[in-house]
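Trainee: next one to model:
(2 chains)
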Amino acid sequence: MSKKVTSQNKVPGNLLVVLQEAQTRLGCLSPEFMVELADSLDVPVNDVYEIATFYSFLSVKPLGRNVIRICKSLPCYLKNGQTIIDAVEKEIGIKPGETTTDDRFSFELTNCIGLCDRAPAMLINNDVHVDLTPRKISQILKKYK
Amino acid sequence: MPQAKIVLRNCGVIDAKRISTFLERDGFKALEKARREMTPEEVINEVKVSELRGRGGAGFPCGIKWEGARNSPGDSKYVICNADEGEVGTFKDRYILENDPFTLVEGLTIAGCAIGASQGYIYLRAEYHYLLDLLKDAIKQAKESGFLGGFDIDVYEGAGAYVCGEESALMESIEGKRGESRYRPPFPTVAGLWQKPTTINNVETLMNIPQIVLNGGGWYSQMGTERSKGTKVFSVSGDVTRPGVYELVLGSPLRELVEELALARDVKLMQIGGATGRILPYDMMDTPLAFEHILGAGAVTVFDESRDVIDIVRRTMEFLAEESCGKCTPCRQGTEAMAEIMERFCWGEGAKRDIKVLENLAETMMLSSLCGLGQAAPFAVVDTLKYFRGDYERRIRGN
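Mentor: Below you'll find the model as predicted:
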């Protein structure tokens, strides 16, 4: 406990911000990266790992170049969100939680993204896609290389 | 009761990218009034007189919160705007940020003046990253036009965690840590961000402030019910013809929102306040929307006759089990156990004793969870056991 308090006092700046920047730059917070960061800050690696694994927009495993996040919460579910999930699965041939072998897409399900008035909805990277139908999916995915 | 526009008065009227259009609508007049003609105590007093209560769901009186932070000793104080609306079915803050970021900047700056803070933060959820530039640009324009004076506003982005909408978890997150709720006391007004006196207000709460300062707290408190003054912005979604954002005077009946404005038909039940909200059956459609009845952060998800109650509750519990921060046992374990039991009911594999187990778990979680998430997590189960008990009994194995 005392070690943790000391280490927190030593952290220059903000660990979450450092991790967010690294996520954007590197696409993933690899074990090697986390160990190196912890060493450079002189904190236990767990101080880094516990943050990296808490937030859903941080990932400790490699992600594809584009991350698809389809909303699975009730308002989207009521508007046939499952058909969108099925359509994406069919289009890119992977299931939620997986990444395509060519690293083009990672596919995740997410909780409410606040687009319930335009459900079903998804985010690809930071782009919003709303009022989805299964037929729109292949056209939308084509834009992401 | 009529719709009224206080919070949304500029939405769809101004250009969210151009401060000049905001200034044409009395923009920053309230801030100038607060700075030049009023003492901080007078500003706080108007907010107290208005009886404005927090719009993020908990409904704490805003003026009392501000007074607490003002009176706490300390050289550095902070004001935070909570723009981490993650409650299922809530999108009003997104709509506000998209359409009128300037009023939010003005409201937050007034809050800073009132409590004696020179630094403000807006915590924006990661899912709203596409609004970041618009928000930062609004702050920049306000600053360059000289309206912020010595007050600084920084935007912190979340990284995807529902619990960070809870105020103490949010502050942990701004400090760069896991978003875990804190034990209280001490309350944020005494020891908040970096242990300094802090006020934290929802986007919509702060949107009310400029109009209260301009028109007086007495003007504001004429609207609404005895314990719920002013208006509330609602997010309506689900089985309705016109989903969207509506602002109504508090005390308006749920029916007006759901049937008259959003045009719902054949309603079976409504979930009000998202995953941690309450569930009401159709025959309670005339319940007034107010803190003393039912409100939350104003998310109203409508389910029609074709929907399965048990499935709705199961999905709600799965959400909460995923999003529990894990710090306290009743919430971490209780949400998991409830999700597991609900899944069995879904398959028609419930056991008779499960209903009693759910009731016991609910009581424990409500009494002993650390923060609002765990305390409110059992509501969907509790309410459906009350209004739709037959739906559970039919899913007991052998029935």
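Trainee: neighbours around B:Ile115, how many?
Mentor: 25 (other CB atoms under 10 Å in any protein chain shown). For glycine as for every other residue, the C-beta is placed from the backbone atoms N, C-alpha and C.
Trainee: same check, this time on A:Asp131
Mentor: By other CB under 10 Å, 12 other residues sit near A:Asp131.
Trainee: a helix runs through it, doesn't it?
Mentor: No. Under the criterion used here (DSSP: H, G, I helix; E, B strand; the rest coil), A:Asp131 is coil, not part of a helix.
Trainee: can you pull the contacts of it?
Mentor: A:Arg118, A:Ala119, A:Pro120, A:Ala121 (CB atoms under 8 Å, 6 or more residues apart in numbering or on different chains).
Trainee: assess the claim that the first one and A:Cys76 are in contact.
Mentor: No. Checked against CB atoms under 8 Å, the pair A:Arg118 and A:Cys76 is beyond contact range at 9.6 Å.
Trainee: who's more crowded, these two?
Mentor: With neighbours defined as other CB under 10 Å, A:Arg118 and A:Cys76 compare such that A:Cys76 has more, 32 against 18.
Trainee: any idea how far chain B is from that one?
Mentor: For A:Cys76, the distance to chain B (CB to the nearest CB, to the nearest Å) stands at 9 Å.
Trainee: check which helices and strands the helix or strand that contains that residue is in contact with.
Mentor: Assignment of secondary structure by DSSP states H and E places A:Cys76 within helix A:74-78. Here helix A:74-78 touches strand B:231-238, strand B:299-304, helix B:309-323, going by 3 or more CB pairs under 8 Å, 6 or more residues apart in numbering or on different chains; DSSP states H and E.
Trainee: tell me the domain boundaries of chain A?
Mentor: According to automatic domain parsing, chain A comprises the domains A:2-52, A:66-142.
Trainee: which one of those has the poorest average confidence?
Mentor: Lowest mean pLDDT of these: domain A:2-52, a mean of 83.
Trainee: returning to that earlier point: can I get the helices and strands packed on helix A:74-78 in JSON lines including distance to chain A, mean pLDDT and mean neighbour count?
Mentor: Below are these laid out as JSON lines (distance: least, CB to the nearest CB, whole Å; pLDDT from 0 to 100; neighbours: other CB atoms under 10 Å in any protein chain shown):
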{"stretch": "strand B:231-238", "distance to chain A": "4", "mean pLDDT": "98", "mean neighbour count": "27"}
{"stretch": "strand B:299-304", "distance to chain A": "6", "mean pLDDT": "98", "mean neighbour count": "26"}
{"stretch": "helix B:309-323", "distance to chain A": "6", "mean pLDDT": "97", "mean neighbour count": "23"}
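Trainee: so which of these is nearest A:Asn66?
Mentor: helix B:309-323 (23.3 Å; CB to CB).
Trainee: give me the contacts around that closest one.
Mentor: For helix B:309-323, using CB under 8 Å, 6+ apart, the contacting residues are A:73-74, A:77, A:111-112, B:86, B:88, B:161-163, B:268-269, B:271, B:275-276, B:279, B:303, B:335-336, B:338-339, B:342-343, B:345-346, B:373, B:377, B:380-381, B:384, B:388, B:391-392, B:395.
Trainee: next structured bit after it?
Mentor: For helix B:309-323, the following helix or strand on the C-terminal side (DSSP H and E) is helix B:329-346.
Trainee: and that following helix, what does it pack against?
Mentor: Short answer (3+ CB pairs under 8 Å, 6+ apart): helix B:329-346 packs on helix B:309-323, helix B:352-368, helix B:372-376.
Trainee: tell me the buried residues in the last one?
Mentor: Of the residues in helix B:372-376, B:Gly372, B:Leu373, B:Gly374, B:Gln375, B:Ala376 count as buried by neighbour count, 16 or more other CB atoms under 10 Å in any protein chain shown.
Trainee: cool, stretch B:205-224 as well?
Mentor: Buried, per 16+ other CB under 10 Å, within stretch B:205-224: B:205-213, B:217, B:220-221, B:223-224.
Trainee: and that stretch, how far apart are its ends?
Mentor: End-to-end distance of stretch B:205-224: 15 Å, with CA to CA, to the nearest Å as the criterion.
Trainee: tell me the SS of the residue minimising distance to the centre of chain A?
Mentor: The centroid of chain A falls nearest to A:Phe57 when counting by CA atoms, centre = their mean (3.9 Å). Of the three states, A:Phe57 takes coil under three-state DSSP.
Trainee: pretty sure it contacts B:Cys164?
Mentor: No. Counting by CB under 8 Å, A:Phe57 stays clear of B:Cys164, with 11.3 Å between them.
Trainee: and the strand or helix carrying B:Val79, what does it pack against?
Mentor: B:Val79 is part of strand B:78-83, with elements assigned from DSSP H and E. Secondary-structure packing of strand B:78-83 (3+ CB pairs under 8 Å, 6+ apart): helix B:101-115, strand B:119-124, helix B:167-174, strand B:198-202, helix B:203-215.
Trainee: and the ones you listed: which comes nearest A:Leu29?
Mentor: Closest of the helices and strands packed on strand B:78-83 to A:Leu29 is helix B:167-174, at 16.6 Å (criterion: CB to CB).
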